[in-house]
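Undergrad: let's see this in three dimensions:
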Amino acid sequence: MSGPQDHLLHLILAVPLAGALLAPLLGRRAARLLAPAAAAFTFVLCLWAWTLYGGRTAPRLEQTWACPGGLLDRALDGEGLEDLVVRDRFRETLLAGEQPLELGSALAGVDLASEALRDAEQRGDALGVATARALLAGARAEADRLERAHARLRHELEGLRRAAAGPLASQLAFVAHTRWLPGLGLHWTLGVDGIALGFALAVALLGLLATVAAAFVEESPENDPRRLLSALLLGVAALLGAFVALDAAAFALAWCFASLPAAWLAGADTHTRAGRWRLVRALLPGLLGGSALLGAALAAAGSAPEGTANLAALAQLAGAGDLPPAVQGLLFACGLAAAALRLPLPPLHGGLASAATRGPASAAALLAGGGLALGAYTILRWTWPLAPAIVRAPAVVRIVAAFGLAALLAGALGALALRDLRRLVPWLSVATAGVLLLAVSSGGELGATGAAVHGVLGAVALGGGALAAAGLQRRTGEPDLLALGGLAVPLPQFSLVFSALVLAPVGLPGYGLFSAHLLALLGAWRAGGFLAALGIAAAGALALLAAGVAWSLGRALLGRLWRPEFAGLPDLRPAEAVALVPAAAACALFGVAPRLLLDTIVPSLEAWRLLVRPV
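TA: Now for the predicted structure:
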């Protein structure tokens with residue numbers, strides 16, 4: 001029994017991908033309408049999935065795995081198994097995870113055909129012998145087909161079987177298993193839990209705001225927005241593909257595809273040497289990170305039973321000690337390196353600064369927010385769950401936490417020494433990534449929750465902040481903070497929205513990432529020892545970050561308007577309000593009522609913790 005909810009994740013991926021393919025083929029006006037419409041529909045679908053999931057009406061894996069017409073039955077239908085005896089036997093063995101010897105021979109009647117042949121030979125019946133040999137050949141061919149079919153199904157479904165028997169069975173929803181080329185073993189599995197849905201909703205919102213900005217705010221008669229809109233939608237589709245993928249290989253491939261639009265979004269120009277270097281810097285993070293993840297996924301699948309690459313099954317195997325420590329070390333190293341490329345962490349943050357100063361504002365917004373979301377999700381879904389033997393080592397945790405504190409200090413000092421307003425959001429991204437690493441290193445529920453909230457709300461806040469900073473620079477034409485001042489006088493509404501967005505990553509009480517910072521610091525304090533000391537230092541670094549951002553805002557917006565040409569600057573326009581206000585409103589909403597987010601994310605985090613650390 002298949003309903004629209006069973007294909008919801010496929011639809012979420014198909015809508016932005018279709019928009020990306022159609023936008024370059026249409027006229028400018030049609031593309032400017034199509035791209036925001038596709039992004040809006042994607043956001044509505046993600047919001048619908050969030051609502052169904054929170055209301056417990058979404059189809060969970062425990063309900064859809066073995067029920068009549070469920071995932072297992074649809075896989076059996078795909079093999080063309082119509083005989084009820086064969087189907088029942090296949091169901092029984094697949095549910096038990098067994099590979100009985102000579103299963104195909106028993107089901108195909110090879111023994112009966114062999115016995116008939118012996119009887120015919122004893123009687124000397126030439127016609128009977130010929131008939132029996134034909135029946136035996138057919139039975140053996142059918143036995144081979146059934147053996148191959150059973151082996152394919154067991155290989156494809158082993159990960160889902162393990163997940164359905166573990167703590168994630170009640171958390172994974174909208175699970176869809178698609179067999180692309182069964183003969184070659186090519187298939188993929190989609191599914192989400194509360195963590196993945198939170199990230200998907202944030203990126204869908206960010207994609208909507210970025211496409212609105214590209215279509216109606218940055219549009220000019222000299223600039224053709226179609227390629228930009230197509231790249232934005234392609235980037236959103238790739239990010240969403242990573243969030244909904246349950247297979248490690250599919251996750252790694254989505255990682256790679258996310259880097260392709262980034263090359264153009266970063267403002268790379270292949271006509272100059274500097275432009276070619278920017279192209280390389282834009283491509284390398286995704287290609288290197290995705291290739292490393294893909295190699296680690298193949299190594300893990302080679303070490304897992306039945307070659308499964310299901311992320312939940314791999315985490316379960318790793319938690320039980322059935323995944324070799326060497327493979328766990330490879331998964332950890334590749335996952336952490338890939339996350340560092342995306343978050344971004346020093347000294348790998350130069351590409352984001354280049355995009356903020358040279359590329360379109362909508363591109364910088366997607367790269368800043370989407371990069372943080374993808375990096376955070378990689379840590380929460382790959383790096384930590386798939387390598388429990390590594391992250392339980394105190395030395396490893398301390399090194400990662402210390403690196404997080406260093407990134408936070410770098411972001412804070414960069415904000416304090418800021419002169420170019422366009423670089424404010426890149427430094428905020430570095431600082432947010434540092435707090436995220438410190439949070440996840442604490443190893444407890446508080447730290448993991450803080451890291452997840454950082455990834456979700458940080459993506460929205462940083463993306464909106466990039467759009468707002470570009471809007472201010474577009475008005476004044478002057479990125480130097482020392483040349484600004486008093487802009488709140490001609491721009492009262494814009495200044496309010498701009499201040500709200502750039503202050504959200506700082507974590508003002510009751511707003512933005514305050515709850516995430518608090519959870520991160522409490523998690524480090526509860527861990528005690530060296531991590532507690534790092535948590536205290538992180539609190540001081542956050543104070544420095546707040547001071548740097550406050551100085552930048554005060555220098556640009558407050559005081560006397562000493563440049564008369566700025567007196568006639570236009571205030572917040574309707575198109576800008578559509579692109580900026582939802583991001584600020586989301587930060588305010590989840591800052592005041594964080595349980596709207598935590599009630600969905602925390603149960604999934606607890607399920608993953610039980611998966612890798614069974615009681």
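Undergrad: from here on, contacts and neighbour counts on C-alpha atoms
TA: OK.
Undergrad: got the contact list for the helix or strand residue 122 falls within?
TA: Counting by DSSP states H and E, the element that carries residue 122 is helix 110-123. Under the criterion CA atoms under 8 Å, 6 or more residues apart in numbering, residues 105, 126, 128, 129, 132, 133, 135, 136, 139, 140, 143 lie in contact with helix 110-123.
Undergrad: for stretch 316-334, same thing?
TA: Residues contacting stretch 316-334 (CA under 8 Å, 6+ apart): 162, 166, 289, 292-293, 296-297, 299-300, 303-304, 314, 382-390, 611-614.
Undergrad: so which elements touch the strand or helix carrying residue 151?
TA: Element membership for residue 151 (DSSP H and E) is helix 126-164. Judged by 3 or more CA pairs under 8 Å, 6 or more residues apart in numbering; DSSP states H and E, helix 126-164 is in contact with helix 71-78, helix 84-96, helix 103-108, helix 110-123, helix 311-319.
Undergrad: mind listing what's buried in the longest one?
TA: Burial within helix 110-123, assessed by neighbour count using 16 or more other CA atoms under 10 Å, is assigned to 110, 112, 113, 114, 116, 117, 118, 120, 121.
Undergrad: got the angle between the helix holding residue 122 and helix 126-164?
TA: 170 degrees (axes from the mean of the first three to the mean of the last three CA atoms, to 10 degrees).
Undergrad: so for helix 110-123, mean pLDDT?
TA: The pLDDT scores in helix 110-123 average 76.
Undergrad: go on, stretch 383-397?
TA: 88.
Undergrad: ok, now stretch 23-40?
TA: pLDDT averaged over stretch 23-40 gives 91.
Undergrad: what distance separates that stretch from the centre of its chain?
TA: With CA atoms, centre = their mean, to the nearest Å as the basis, stretch 23-40 stands 25 Å off its chain's centre.
Undergrad: one step back: which of the helices and strands packed on helix 126-164 is buried the deepest?
TA: Here the criterion is mean neighbour count by mean count of other CA atoms under 10 Å, and of those the winner is helix 311-319, at a mean of 26.
Undergrad: what's the mean pLDDT across it?
TA: On average, helix 311-319 scores 86.
Undergrad: and stretch 590-608, by the same measure?
TA: 87.
Undergrad: can you check stretch 507-520 too?
TA: 85.
Undergrad: first-to-last residue distance for that stretch?
TA: End-to-end distance of stretch 507-520 (CA to CA, to the nearest Å): 12 Å.
Undergrad: and the strands in the stretch 201-350 of the chain?
TA: With DSSP state E, counting those that start in this stretch, there are no strands along the stretch 201-350 of the chain.
Undergrad: which stretches of it form helices?
TA: Ranges of helices in the stretch 201-350 of the chain, per DSSP state H, counting those that start in this stretch, are 226-244, 248-265, 273-303, 311-319, 325-342, 350-358.
Undergrad: give the contact list for residue 133.
TA: 113, 117.
Undergrad: next, the contact list for residue 90, please.
TA: residue 150.
Undergrad: pull the distance from the helix holding residue 151 to the chain's centre.
TA: Centre to centre, stretch against its chain (CA atoms, centre = their mean), the figure for helix 126-164 is 39 Å.
Undergrad: what do you get for stretch 153-170?
TA: 21 Å.
Undergrad: okay, now the unreliable bits of the stretch 1-150 of the chain?
TA: 1-4, 98-109 (pLDDT under 70).
Undergrad: centroid-nearest residue for the protein?
TA: The residue lying closest to the centre of the chain (CA atoms, centre = their mean) is residue 243, at 3.3 Å.
Undergrad: gap between the closest residue to that one other than its chain neighbours and residue 585?
TA: Nearest residue to residue 243, sequence neighbours excluded (CA to CA, 6 or more residues apart in numbering): residue 196, at 5.4 Å. Distance, residue 196 to residue 585, using CA to CA: 22 Å.
Undergrad: neighbour-wise, which of the two wins?
TA: Neighbours per residue, other CA atoms under 10 Å: of residue 196 and residue 585, the larger number sits with residue 196, 24 against 17.
Undergrad: surely that one is in a strand?
TA: No: counting by DSSP: H, G, I helix; E, B strand; the rest coil, residue 196 is not part of a strand but helix.
Undergrad: is it true that it touches residue 245?
TA: No: the criterion here is CA atoms under 8 Å, and residue 196 misses it with residue 245 at 9.3 Å.
Undergrad: for the longest strand along the chain, which positions count as buried?
TA: The longest strand of the chain (DSSP state E) is strand 173-181. Neighbour-count burial for strand 173-181, counted by 16+ other CA under 10 Å, picks out 173, 174, 175, 176, 177, 178.
Undergrad: with stretch 161-174 instead?
TA: 161-164, 166-174.
Undergrad: mean confidence for that stretch?
TA: 84.
Undergrad: and that stretch, how far apart are its ends?
TA: Note: stretch 161-174 ends 16 Å apart using CA to CA.
Undergrad: contact partners of that stretch?
TA: Contacts of stretch 161-174 (CA under 8 Å, 6+ apart): 5-9, 53, 58-62, 65, 94-95, 97, 190-194, 312-313, 316, 603-604, 607-608, 610-611.
Undergrad: quick one on the thing from earlier: can you tell me which of the contacts of helix 110-123 is nearest residue 48?
TA: Residue 48 lies nearest to residue 143 out of the contacts of helix 110-123, by CA to CA, at 45.8 Å.
Undergrad: now tell me what touches stretch 492-499 from outside.
TA: 465, 468, 469, 487, 488, 553, 557, 571, 572, 580, 581, 584.
Undergrad: thinking again about what came up before, in CSV, list the buried residues of strand 173-181 along with distance to residue 451.
TA: Formatted as CSV, those follow (distance: CA to CA, whole Å):
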residue, distance to residue 451
173, 22
174, 24
175, 25
176, 28
177, 29
178, 31
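Undergrad: ok so, going back, now distance to residue 343 too, for the helices and strands packed on helix 126-164, in JSON lines please.
TA: Output for the helices and strands packed on helix 126-164, formatted as JSON lines (distance: least, CA to CA, whole Å):
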{"stretch": "helix 71-78", "distance to residue 343": "35"}
{"stretch": "helix 84-96", "distance to residue 343": "40"}
{"stretch": "helix 103-108", "distance to residue 343": "50"}
{"stretch": "helix 110-123", "distance to residue 343": "59"}
{"stretch": "helix 311-319", "distance to residue 343": "21"}
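Undergrad: closest one of the buried residues of strand 173-181 to residue 39?
TA: Residue 39 lies nearest to residue 174 out of the buried residues of strand 173-181, by CA to CA, at 20.7 Å.
Undergrad: what's the end-to-end length of stretch 258-277?
TA: Stretch 258-277: ends 19 Å apart by CA to CA.
Undergrad: and after whichever strand or helix holds residue 499, which helix or strand comes next?
TA: Assigned by DSSP H and E, residue 499 belongs to helix 492-503. Sequence order places helix 514-527 as the next helix or strand after helix 492-503, per DSSP H and E.
Undergrad: helices and strands around the very next helix or strand once past that next one, which ones?
TA: Helices and strands here follow DSSP H and E; after helix 514-527, the next one along the chain is helix 529-557. Other helices and strands packing on helix 529-557, by 3+ CA pairs under 8 Å, 6+ apart, are helix 394-416, helix 424-441, helix 492-503, helix 514-527.
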